[in-house]
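Trainee: turn this into a structure:
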Amino acid sequence: MPRERPGGPRWLARCVLGVGILLGFGYLCYRTAVTPDGLALDFEIYRAAAADLWNGEPVYGSSPIGVPGLTYRYPPLLLLWFSLFLGLPPALGFVLHTAVALCLGGVLGWVSIRRIERYGPDLSRLDRGLIVGFVAASPIGAPSLFFGNVNHYIAVAMGLGLVWLDDGKQSRAGVALALAALPKVFPAAVGIWLLWRRAWRAVAAAVTTGVGCLVAGAVLFGPARTRNYVTSELLPRSAPDVFAGGLPPSSVYVSLRRPLSVVAPRATALELTVGAVLLVTPVLYYTYTRSRGPVDRMVALLATLSAVLLVVPSYSMYFLLLFYPLIPLLYLLDRPESTVFAAGTALLTLTLKLDDVVQLLEFAGLPDPARATVLAGARAIYTLGTPVLWGTLCLLLAGIWRLHGRHRHSGEATERASGERWSPRED
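Mentor: Numbering: from 1, shown residues only. Prediction:
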């Protein structure tokens, strides 16, 4: 496969990654100081649900830790993994769970490094360290470490599946992508990319793996638990009504439904979903039809994952799913679009919610007039969206810029000479 040579400045990527790591450690310190009770909260839910399973108590429909709204939301089969921690003290179990997440972050970082060096420059030890550190502990990944969530697990399965798909290992890719979708379901929307690529073996492997995991859970733990999972957790999450009437500036959601709910406060959840889909569809079509070569396909992949996160009611910690191909593109895009892409990545690391801004202003000890002015500006910004939302839109803009420029300046003869002409049929 021809080797692409990027023109983006490496110092810009280093700055974004380095600042992101610092902000991630700052987030962990801040969250530990402000909300120490939240430490390991998600892991506690997983572990308690596994204990309820083996004690013969209901797993779905109520909180396993006795806090309303904090329920176990994953398929029954995954309780096998969480059951492994029952033989350990809770603190030690959380440490082990976090260690596994960090190792998986290292795997995802290494996958990104290998992809960068395959299509672009060789990386120094500094670059490699920054990439691995960013995946593990940036403000996007740090919340999963703090709460003990499984987003690192999902992100590495997604990244490996997409790499294997691009390498033609369809069956392996389908299995990995199905496992990435198993806990939270919405990552299954990456199947749009599989269908466009006409990767039928990957589709078959993904569907078989997903259905097989659900069936295995029903066989091992009884069909009633799987039915309760669908009715008590999966279906209610698919049609949330939190956007009705417009989201308040303090909302934690990152989605195109957020600004749409403010512009059209009377719209129903279905109407907001349709509106978000209509906004992202032209972007997907453009990136899919203009992709030529491996780096362009990464742009189309990023557009796919971004579109999914912009349509579903997502949180900032879900944006770990973007790390492959986001991090390779941070090094592989040419100038000037690489500057816009780096700016978008930087915005992506500003995961502060409006309540966090209020807390920081209080810590800063600003005079009341200055604090009121800053807070009024922040409230206006957060009314329509968060920095993560604006950062994602910048990433999409940079990708479209690249594809538009390459399409305009390259003719059919250049494409044939490069050997990189690509169609949605299998490579």
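Trainee: low-confidence ranges in the stretch 201-350 of the chain?
Mentor: Across the stretch 201-350 of the chain, the ranges flagged by pLDDT under 70 are 238-246.
Trainee: can you give me the end-to-end distance of stretch 319-336?
Mentor: 24 Å (CA to CA, to the nearest Å).
Trainee: centre of the chain versus that stretch, how much separation?
Mentor: Relative to its chain's centre, stretch 319-336 lies at 13 Å (CA atoms, centre = their mean, to the nearest Å).
Trainee: shift numbering so it begins at 47
Mentor: All set: I'll call the first residue 47, so the last point we hit is now stretch 365-382.
Trainee: pull out the buried residues from it.
Mentor: For stretch 365-382, the neighbour count (16 or more other CB atoms under 10 Å) marks 365-380 as buried. C-beta: built from backbone N, CA, C; applies to glycine.
Trainee: just stretch 215-228 next, same as before
Mentor: So stretch 215-228, judged by 16+ other CB under 10 Å, has buried residues 215-216, 218-228.
Trainee: sorry, back to before: which ones among the buried residues of stretch 365-382 lie within helices?
Mentor: Using DSSP state H, the members of these that fall within helices are 369-378.
Trainee: could you identify the most distant pair in those residues?
Mentor: 369 and 378 (14.2 Å; CB to CB).
Trainee: what residues are up against residue 180?
Mentor: Each residue near residue 180 by CB atoms under 8 Å, 6 or more residues apart in numbering is listed here: 63, 66-67, 70, 155, 187, 369, 373.
Trainee: let me fix that: residue 194
Mentor: Under the criterion of CB under 8 Å, 6+ apart, the neighbours of residue 194 are 86-90, 92, 140, 143-144.
Trainee: cool, residue 273 as well?
Mentor: Applying CB under 8 Å, 6+ apart, no residues qualify as near residue 273.
Trainee: element containing it?
Mentor: Counting by DSSP states H and E, the element that carries residue 273 is helix 269-275.
Trainee: repeat for residue 178
Mentor: helix 171-183.
Trainee: could you give the mean pLDDT of the following helix or strand past that helix?
Mentor: Following the chain from helix 171-183 toward its C-terminal end, the next helix or strand by DSSP H and E is helix 188-193. The average of the pLDDT scores along helix 188-193 is 96.
Trainee: how about the helices in the stretch 247-396 of the chain?
Mentor: Along the stretch 247-396 of the chain, counting by DSSP state H, counting those that start in this stretch, helices occupy 269-275, 281-284, 303-309, 315-336, 340-357, 369-378, 383-394.
Trainee: I'd assumed residue 225 was in contact with residue 255.
Mentor: Yes. Contact between residue 255 and residue 225 holds when scored by CB atoms under 8 Å: they sit 6.8 Å apart.
Trainee: what about residue 296, neighbour count?
Mentor: 14 (other CB atoms under 10 Å).
Trainee: next, count neighbours for the residue nearest to it when sequence neighbours are not counted.
Mentor: In this structure, residue 296 finds its nearest non-sequential neighbour in residue 400, 4.6 Å apart by CB to CB, 6 or more residues apart in numbering. Residue 400: 19 surrounding residues under other CB under 10 Å.
Trainee: residue contacts, residue 400?
Mentor: Going by CB under 8 Å, 6+ apart, residue 400 touches 295-296, 424-425, 428.
Trainee: what of residue 364?
Mentor: So residue 364 contacts 197, 230, 300, 355 (CB under 8 Å, 6+ apart).
Trainee: among these, name the buried ones.
Mentor: Buried among the contacts of residue 364 (16+ other CB under 10 Å): 197, 230, 300, 355.
Trainee: state the pair within the buried residues of stretch 365-382 that is farthest apart.
Mentor: Farthest apart among those by CB to CB are 366 and 380. That separation is 26.0 Å.
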